[in-house]
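# Give me the fold of what follows.
(chains A and B)
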Amino acid sequence: MGQTISEKILARASGKETVKPGDIVTCNVDLAMVHDSSGPRTSGKKLDELGVPVWDMDKLVVIADHYVNLDTPESKNVQDICDAWCEAHKVKHFIRNQGICHIVLPQEGHIRPGMFCVGADSHSTTAGAFGAFMVGVGATEITGVMATGDIWVRVPENVRMEVTGALKPGVVAKDVILKICGDHGIMGFGYQVVEFCGDGVAAMSAQDRMTLTNMAAEIGAKTGIIAPDAKTTELLKAWGVRGVNADDWQSDADAVYAKRITVDGDTLSPQVAAPSSPENADDVDNYRNVKLDQAYLGACTGAKLEDLRMAAEVLKGKKVAAGTRFLVAPSTIKMRELAAAEGTMKILEDAGAIILPSGCGGCIGLGDARLAEDAVGISSTNRNFVGRAGPKSSKLYLASPYTVAASAVAGQIADPRDML
Amino acid sequence: MIQKGKAWKFGANIDTDLLAPISALTSAKPEDAYTECLKDVDPTFAPNCKEGDIFVADENLGIGSSREWAPQYLRSCGIRVILAKSFARIFYRNCFNLAVPALVCAETHKIATDDQLEVDMENGVVRNLTKGETYKCDTVPAHLMQIVADGGLMPHLKKKFKKAS
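Numbering: from 1, shown residues only, chains lettered A, B, ... in the order given. As a prediction, the model looks like this:
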């Protein structure tokens, strides 16, 4: 019987020939990632309480991204704890203030196909875009990983999510994943691993695919994964990862899937998720004319280099509507620099964008992009729960970078296809 | 393990931003800010929840972030057992790691706030003493009950490292 890519990774990590859904196995962790919020100030403190060292310093990556660039004593305190802990423990891979962990981690060459990784953040699923199996856990759980180097895993069922056909111009990975949220719900694939595949996925750039696996967290999945191909290898090479063997990490033709689902790429329209859940997703047409106080391009979901390019494609030669703030927080500093070098940032700024520091910021209701009382916003982020990006009275719509940019120009939710 | 206590009943889709709001996490002492737990849903919950009370919800409890503050705050409020129709996976693991058993129960819609409950975790039975009803709940894998019996993952790890040395 064939195995899926996920089963192959879990079998390797647990030292078994094969695994099957429902098995509870102990996996050796190839890489553990924590950030300033889930790391030193929480799990780091707990590790010190255990009085044991990090199991393998080569395999721990600490990334400061949640509380950076925030001018409050509490945020500075979190940063100070993070700096001091990393120094005291001689953390080898401490990446400070360079951008959001889920993008920085692959960008700095830490992810390759076939890895079994654990991250103390729910969007750790993002690394699945590179054929790695990465799951999110909480602070105490990652303390256990840092101490022992292993973790118990219940082998998940596999869902084959095939995107058929070809996405039309102005329709991207974000629309695909919002459509899946809308059709299947916020817990549609509870405890399962969702494997994205099909012509629609093959045609996507390796960077855009990260948006699919990032939001596997918003469909209840344990994680999302995409078998690597030439595009994966090429992007990883650009990020300094050599000798990637994509062929070893593919699902077998006779692998077993609990569900096989298709998304029709040919007919997909831009999607918008209404307040206050990603599962309130529907065609952009149904939300036209919603007036906006703010449009935000940011987060691990929607501010990568290619997301910035999408926005620029819409905004070139146009201006953001009076009465609407358009804020852009590039996912990482490196991507902001690349976007600046090619002129993308200038297009955004000329259109009236306010550029914010790279970090989690507005997505978690921190910094200048936090929504005001009663404000209505649209953003390229991943969640719009009550109280997440602003006070209870604020309202947040989720959409692709294209749709966010088009809406910023219109001052109300708009279809980007009318502006491309 | 049998836990007896008063029920606090909530609906579906109680997410981690509601359980542990960002305002609490960015306060000077986040560990003390559990009083903000669910303030946007039911502001009477945190001030009135008592040690040993039982948290009951419908589908998708704990969706969202990996922030362990979410079950930590429920624990700080006094909650010792959680029942829901379904759980988000990170939240589920976090609960056990903090020694708060999270049990899947398909009949939580029959439970109301203030009902007196008795939860028998070994046998997977929930008795509603107020209504005179009995519901089934899933039993918990042995390795997770061991973590709970040890007082959570931290004491469990301490025991493990003590044995090793």
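
# Return the helix or strand in chain A with minimum mean pLDDT.
Using mean pLDDT, DSSP states H and E, the weakest-scoring helix or strand in chain A turns out to be helix A:73-88, at a mean of 95.

# contacting residues around residue 63?
In the absence of a named chain, this looks at chain A. Each residue near A:I63 by CB atoms under 8 Å, 6 or more residues apart in numbering or on different chains is listed here: A:33-36, A:94-96, A:98, A:101, A:104-105. For every residue, glycine as well, the C-beta is placed using N, CA and C.

# wrong one, chain B
Contact analysis of B:I63 by CB under 8 Å, 6+ apart lists A:186-187, A:220, B:13-16, B:88, B:91.

# A:R325 pairs with what?
Note on A:R325: beta-bridge partners by DSSP bridges are A:Q294.

# Now render the contacts of B:I63 as a markdown table, adding secondary structure.
Output for the contacts of B:I63, formatted as a markdown table (DSSP: H, G, I helix; E, B strand; the rest coil):
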| residue | secondary structure |
| --- | --- |
| A:I186 | coil |
| A:M187 | coil |
| A:G220 | coil |
| B:N13 | coil |
| B:I14 | coil |
| B:D15 | strand |
| B:T16 | helix |
| B:A88 | coil |
| B:F91 | helix |
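
# How much space separates A:G317 from A:I347?
Per CB to CB, to the nearest Å, A:G317 is found 8 Å from A:I347.

# Get me the contact residues on chain B for chain A.
When proximity is defined as CB under 8 Å from any CB of the partner chain, chain B approaches chain A at B:13, B:15, B:17-18, B:21-22, B:25-28, B:40, B:59-60, B:63-68, B:86, B:88-90, B:93-94, B:97-98, B:141, B:143, B:152-154, B:157-158, B:160-161.

# A:D374 is in contact with A:S394, isn't it?
Yes. The criterion here is CB atoms under 8 Å, and A:D374 meets it with A:S394 at 6.6 Å.

# Tell me which of those two has more neighbours.
A:S394 (24 against 12; other CB atoms under 10 Å in any protein chain shown).

# So which residues of chain B form strands?
For chain B, the strands defined by DSSP state E occupy B:2-9, B:54-57, B:81-84, B:102-104, B:116-120, B:125-128, B:133-136.

# Name the residues that touch the least confident helix or strand of chain A?
Taking contacts as CB under 8 Å, 6+ apart, the residues outside helix A:73-88 that touch it are A:36-37, A:39-41, A:44, A:62, A:64, A:66-68, A:70, A:91, A:94, A:96, A:366, B:26-28.

# The same query, at a cut-off of 7 Å, please.
Counting by CB atoms under 7 Å, 6 or more residues apart in numbering or on different chains, helix A:73-88 makes contact with A:36-37, A:39-41, A:44, A:62, A:64, A:67-68, A:94, B:26-28, all of which sit outside it.

# what do you get for stretch A:287-299?
By CB under 7 Å, 6+ apart, stretch A:287-299 touches A:100, A:272, A:274, A:303, A:307, A:311, A:324-329, A:360-363, A:369, A:371, A:375-382, A:397, A:401, A:404, A:407-408, A:411-414.

# which of those are buried?
Among those, the ones that count as buried by 16 or more other CB atoms under 10 Å in any protein chain shown are A:100, A:272, A:274, A:303, A:307, A:311, A:324-329, A:360-363, A:369, A:371, A:375-382, A:397, A:401, A:404, A:407-408, A:411-414.

# mind listing what the residue of the stretch 151-300 of chain A at minimum distance from chain B touches?
Proximity of the stretch 151-300 of chain A to chain B (CB to the nearest CB) peaks at A:M187, 4.5 Å away. A:M187 makes contact with A:220, B:59-60, B:63, B:86, B:88, according to CB under 7 Å, 6+ apart.

# change it to 6 Å
A:220, B:60 (CB atoms under 6 Å, 6 or more residues apart in numbering or on different chains).

# most surrounded residue in the contacts of A:I63?
Busiest of those [other CB under 10 Å] is A:C101, holding 31 neighbours.

# Mind listing what's buried along the least confident helix or strand of chain A?
Residues of helix A:73-88 classed as buried: A:75, A:78-79, A:81-82, A:85-86 (neighbour count, 16+ other CB under 10 Å).

# Farthest pair within those?
The largest separation in those, counting by CB to CB, is between A:S75 and A:C86 at 16.8 Å.

# which other helices and strands contact the longest helix belonging to chain B?
Determined from DSSP state H, the single longest helix within chain B is helix B:153-164. Helices and strands touching helix B:153-164, by 3 or more CB pairs under 6 Å, 6 or more residues apart in numbering or on different chains; DSSP states H and E, are helix A:139-148, helix B:142-150.
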